[in-house]
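> Sequence and predicted structure below; questions after.
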2 protein chains.
Amino acid sequence: MAESQTNFAWATLLEVEPGNGPRHVRLARALRAAIRDGRLAEGDAVPPSRTLAEELGCSRWVVTEAYSQLVAEGYLAAQVGSATRVAWTTDGAVAQRREARARSQPVRYDLAPGLPDLRAFPRRRWTETVRAAISEAVRHDLGLPDPAGHHALRQILSEYLKRSRAADLRAATVTVCAGITDGLVRVCRALRSTGITDLAVEDPGWSRLREAARSAGLRVHPVPVDADGLRVGELPSRGPVRATVVGAAHQFPTGTVLSPARRNELVRWARTVDGYVIEDDYDAEFRYDSRPVAVMQGMDPGRVFLLGSVSKTLSPALGLGWLIAPGAMSAAVRSANPVASAPPVLDQLALASFIDRGWYDRHLRAARRRFRVRRDLLVETLARRFPQGHIAGTAAGLHLLLHLPAGTDTASAVRFAAARGLRLMDLSAYQWKGHATSTLVIGYGNIADADIPAAVDLLRTAVELRPSRA
Amino acid sequence: MAESQTNFAWATLLEVEPGNGPRHVRLARALRAAIRDGRLAEGDAVPPSRTLAEELGCSRWVVTEAYSQLVAEGYLAAQVGSATRVAWTTDGAVAQRREARARSQPVRYDLAPGLPDLRAFPRRRWTETVRAAISEAVRHDLGLPDPAGHHALRQILSEYLKRSRAADLRAATVTVCAGITDGLVRVCRALRSTGITDLAVEDPGWSRLREAARSAGLRVHPVPVDADGLRVGELPSRGPVRATVVGAAHQFPTGTVLSPARRNELVRWARTVDGYVIEDDYDAEFRYDSRPVAVMQGMDPGRVFLLGSVSKTLSPALGLGWLIAPGAMSAAVRSANPVASAPPVLDQLALASFIDRGWYDRHLRAARRRFRVRRDLLVETLARRFPQGHIAGTAAGLHLLLHLPAGTDTASAVRFAAARGLRLMDLSAYQWKGHATSTLVIGYGNIADADIPAAVDLLRTAVELRPSRA
């Protein structure tokens, strides 16, 4: 489109239909259509709001409202001191370059799974516990750290996990680690040292767990997940696979809960193959429709390792997690990780104090209330904007799935959205073999309630603008 | 020795020689001799000071002074509300059990190498920087951390290492890690991924470095150290060894500095074998007789990795270190460590702020002054108490060597001392093959100046009481 529009040109170009809804909504629809069919190309300036308002014979508010909506949706980009311009292109190469650049940009709307609400990080209380930890640490605490973790935190975590997750710690040990990945590396190295060479993982599942197991020297085998969680019946009953990772309380990313029958079956499997279950208890603190599900670890503490962290409850920036190992495997966990170190002692002491003062429980209660409300709002907004979609995932954790009609190119939509500051994930990213899906993985941990409508609008634009895979 | 002594028995038993020096010194000598030749056995009570003073016809002060000296030396143990008893036994099994128990006891005198002065940890300033880090962190900082470290700390470390260590960062990258061991694991994995399978290490050297290299999948080969540092000429010029770890500024534990000729030779070696030098810059901030030696990394940033940390300057409880990698190896360091994480972000931001405010430099200056005085005091005390010994090690770092006459059973002395709350190390602990030596490794980072005389007295007792290996 050429520079310098006459008033006449804009009115023609935009084809604002009369009568159908509020004027700003009709104007936005006309602009959207012009961008999508190429009448407005990337980089084209739209007229100043005053000019267009005069041309169309409407108030300036109508124009600014329409522009704002399209900026939120990613069709337009506003820049201070410069014209508002079209921000979407049909040119693939240009789009790719921009998307790559955008991925390193600050995120406007974060619907990617995996983060808690960073706005709600308890800065004041965490500062207070760190201050107390530094002032109360005895000199010995500042010396060479115990690689298994500071005894005070191990003690407090034991009590917390018994109380809140029904863990059985009578014949099991707690080790402090940097998080679930770090914990899994340690467990896999321990398994390797006892002669276990092959590990089953959930498909789809968190790809970082696969990488962690491989980096510890294990071969990894996918086992599918259905509505009841891991398909335990597909675990081989003979051969080298003698351990499996499972998200029993809330599988990632499908959001399913491992059924009671499958739990029993899985423990029986571990006994039969003389092997182990590694329970990834990554976000089990958040269950909105009932009480949290107890850990599998309590069913057979001699066969089940448990991994947990504060990454989904406080922040991954704290780098604090734990692993529970069967008593008989504790020595192997230690000896197979001769140079593994615990997280910084002062942080460990701070977490011990944070839990001990009751602040962790209080934080979790507030977070649970917040996430329940937010999940309802997100479900409702998605249902309204994607009437053809289907929402799946237990009312738990920090994410859900949005299944869109078969053929929807969700992978492209995710890239498009990323280039406009909206982060979310396509299910294929978590599959063993990333075949095309039409399912989005949507996290709601780290988005403000007030941003949900605009984020979902932008998501709808991304889905609409990307041609289906056909 | 039987219970209930008559006055006569004690006077006979102790054989306090007349005339030779102050009375309390003579009494202490007599008690020492009685314990060493078995006339007084472990657990025997010595008489109350009043009783013994009457028996010997001296003032009570003479007796309490002698007892105090022997308690400091570990021959006697005083207990509140109970008799003072003999604390040393010739029974090996009993001694071993007690020594094992004592190793888990709080340390009274810490002369083990490897710790800075934990009394001088800047608690107030560190609290203030953590507080500032938490309050100033932007929301993004609380999200998923950059595995290479927070950009703010990487930037500040770059400037610090250029300025204080003469590092060359024009074609090299800084990664934040948990310390030197963690950094070495990452480097070794990167080397392994580029086809290097064998690593040379210094002998004697820090055993944890050997373990770290092995856990990363490398074979490890010892190369001896002499008064000029690593014997570079003994590095193989062909074959699989294409990398070596070196403590160039202050070798651990010998305390030697790699000579300028050897430095040049070592860089040439790396070029010849198309390999790498890994510089362990663990305590180079502390040099007392001249300015710190510049890092070798600056001689060839394409061939030299540099590892450093705050474990020897602030505290190992902080778990913060760095690694500098040649630009061409940076991608390998990243890809060979797919699940390695950086230390907690808030701690990284705190260190960035601590350096940026000038508090790290100020802390180092104060520590340097403190350690210089302490080293002088220790050298003087050792020279007086061990006139037959020879002190070695550059006036740098946080430890020195005490060579004792050939045949002295220093390993036993170390165990004896440990059972009495004095920690220090025998050189054999750091050797590739721990053959017997007569050399002690004595750290002075974490001992109060005022405790040095008593600690050295206890050390002399430990050396005297242990029969030579002969």
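It's in.

> show me what contacts A:Leu307?
Contact analysis of A:Leu307 by C-beta atoms under 8 Å, 6 or more residues apart in numbering or on different chains lists A:Ile180, A:Gly183, A:Leu184, A:Val187, A:Ile278, A:Glu279, A:Asp280, A:Asp281, A:Tyr282, A:Gly321, A:Trp322, A:Leu323. No exception for glycine: its C-beta is placed from N, CA and C like everyone else's.

> and with 7 Å instead?
Contacts were defined as C-beta atoms under 7 Å, 6 or more residues apart in numbering or on different chains; by that measure A:Leu307 touches A:Ile180, A:Gly183, A:Leu184, A:Ile278, A:Glu279, A:Asp280, A:Asp281, A:Leu323.

> Is the third one within a helix or a strand, and which one?
A:Leu184 belongs to helix A:180-193 when elements are defined using DSSP states H and E.

> How about that helix and chain B, touching?
Yes: judged by C-beta under 7 Å from any C-beta of the partner chain, helix A:180-193 comes into contact with chain B at A:Thr181, A:Asp182, A:Val185.

> Quick check: A:Leu258 touching A:His250?
No: when contacts are counted by C-beta atoms under 7 Å, A:Leu258 is not listed as touching A:His250 (9.2 Å).

> who in the stretch 101-250 of chain A is up against chain B?
That would be A:106, A:115, A:118-119, A:121, A:123, A:126-127, A:130-131, A:134-135, A:139-145, A:178-179, A:181-182, A:185, A:208, A:211-212, A:215, which are the residues of the stretch 101-250 of chain A within reach of chain B (C-beta under 7 Å from any C-beta).

> Give me the buried subset of those.
Burial by neighbour count, judged by 16 or more other C-beta atoms under 10 Å in any protein chain shown, picks out A:115, A:118, A:121, A:126-127, A:130-131, A:134, A:139, A:141-143, A:145, A:178-179, A:181-182, A:185, A:211-212, A:215 from those.

> Out of those, which sit inside helices?
Cross-referencing those with the helices (criterion: DSSP state H) gives A:Trp126, A:Thr127, A:Val130, A:Arg131, A:Ile134, A:Thr181, A:Asp182, A:Val185, A:Glu211, A:Ala212, A:Ser215 as the overlap.

> Tabulate these (JSON lines), appending pLDDT.
Listed next are those as JSON lines, based on pLDDT from 0 to 100:
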{"residue": "A:Trp126", "pLDDT": "97"}
{"residue": "A:Thr127", "pLDDT": "96"}
{"residue": "A:Val130", "pLDDT": "96"}
{"residue": "A:Arg131", "pLDDT": "95"}
{"residue": "A:Ile134", "pLDDT": "94"}
{"residue": "A:Thr181", "pLDDT": "97"}
{"residue": "A:Asp182", "pLDDT": "97"}
{"residue": "A:Val185", "pLDDT": "97"}
{"residue": "A:Glu211", "pLDDT": "93"}
{"residue": "A:Ala212", "pLDDT": "95"}
{"residue": "A:Ser215", "pLDDT": "93"}
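
> Which strands or helices does the lengthiest helix in chain A pack on?
Using DSSP H to define each element, chain A has its longest helix at helix A:359-385. Packed against helix A:359-385 by the contact rule (3 or more C-beta pairs under 7 Å, 6 or more residues apart in numbering or on different chains; DSSP states H and E) you find strand A:390-392, helix A:452-465.

> Comparing A:Leu258 and A:His250, which residue is more hemmed in?
For the pair A:Leu258 and A:His250, the greater number of neighbours falls to A:His250 (28 against 24), based on other C-beta atoms under 10 Å in any protein chain shown.

> Can you name the next helix or strand after the lowest-mean-pLDDT helix or strand in chain A?
Lowest mean confidence among the helices and strands of chain A (mean pLDDT, DSSP states H and E): helix A:92-103, at a mean of 51. The first helix or strand that comes after helix A:92-103 along the chain, using DSSP H and E, is strand A:109-110.

> in its sheet, what does that next one sit against?
strand A:422-423 (parallel) (DSSP bridges).

> So which residue is dead centre in chain A?
A:Pro113 (1.3 Å; C-alpha atoms, centre = their mean).

> Tell me who's in contact with A:Val295.
For A:Val295, the contacting residues are A:Arg165, A:Ala166, A:Ala167, A:Glu279, A:Asp281, A:Leu306, by C-beta under 7 Å, 6+ apart.

> what does the model give the first one for pLDDT?
The model reports A:Arg165 with a pLDDT of 91.

> What sits closest to it if chain neighbours are left out?
In space, not counting the residues next to it along the chain, A:Arg165 is nearest to A:Val295; the distance is 4.8 Å by C-beta to C-beta, 6 or more residues apart in numbering or on different chains.

> what does A:Ala294 give?
A:Ala166 (3.7 Å).

> Does that neighbour touch A:Gly298 like I think?
Yes: the pair formed by A:Ala166 and A:Gly298 meets the contact definition of C-beta under 7 Å, at 4.9 Å.

> More neighbours: which of those two?
Between A:Ala166 and A:Gly298, counted using other C-beta under 10 Å, A:Gly298 has the larger neighbour count: 18 against 15.

> which residues does the nearest residue to that one once chain neighbours are set aside contact?
Leaving out its chain neighbours, the residue that sits closest to A:Gly298 by C-beta to C-beta, 6+ apart is A:Asp168, at 4.5 Å. The neighbourhood of A:Asp168, defined by C-beta under 7 Å, 6+ apart, consists of A:Gln297, A:Gly298, A:Pro301.

> Recalculate using a threshold of 8 Å.
By C-beta under 8 Å, 6+ apart, the neighbours of A:Asp168 are A:Lys162, A:Gln297, A:Gly298, A:Pro301.

> next one: A:Thr410
Listed by C-beta under 8 Å, 6+ apart, the contact set of A:Thr410 reads A:Leu404, A:Asp426, A:Leu427, A:Ser428, A:Thr437, A:Ser438, A:Thr439, A:Leu440, A:Val463.

> Save those residues as JSON lines, and put in distance to chain B, pLDDT and secondary structure too.
Formatted as JSON lines, the contacts of A:Thr410 follow (distance: C-beta to the nearest C-beta, whole Å; pLDDT from 0 to 100; DSSP: H, G, I helix; E, B strand; the rest coil):
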{"residue": "A:Leu404", "distance to chain B": "26", "pLDDT": "96", "secondary structure": "coil"}
{"residue": "A:Asp426", "distance to chain B": "18", "pLDDT": "94", "secondary structure": "strand"}
{"residue": "A:Leu427", "distance to chain B": "20", "pLDDT": "95", "secondary structure": "helix"}
{"residue": "A:Ser428", "distance to chain B": "20", "pLDDT": "92", "secondary structure": "helix"}
{"residue": "A:Thr437", "distance to chain B": "23", "pLDDT": "88", "secondary structure": "coil"}
{"residue": "A:Ser438", "distance to chain B": "26", "pLDDT": "94", "secondary structure": "coil"}
{"residue": "A:Thr439", "distance to chain B": "22", "pLDDT": "96", "secondary structure": "strand"}
{"residue": "A:Leu440", "distance to chain B": "19", "pLDDT": "97", "secondary structure": "strand"}
{"residue": "A:Val463", "distance to chain B": "25", "pLDDT": "92", "secondary structure": "helix"}
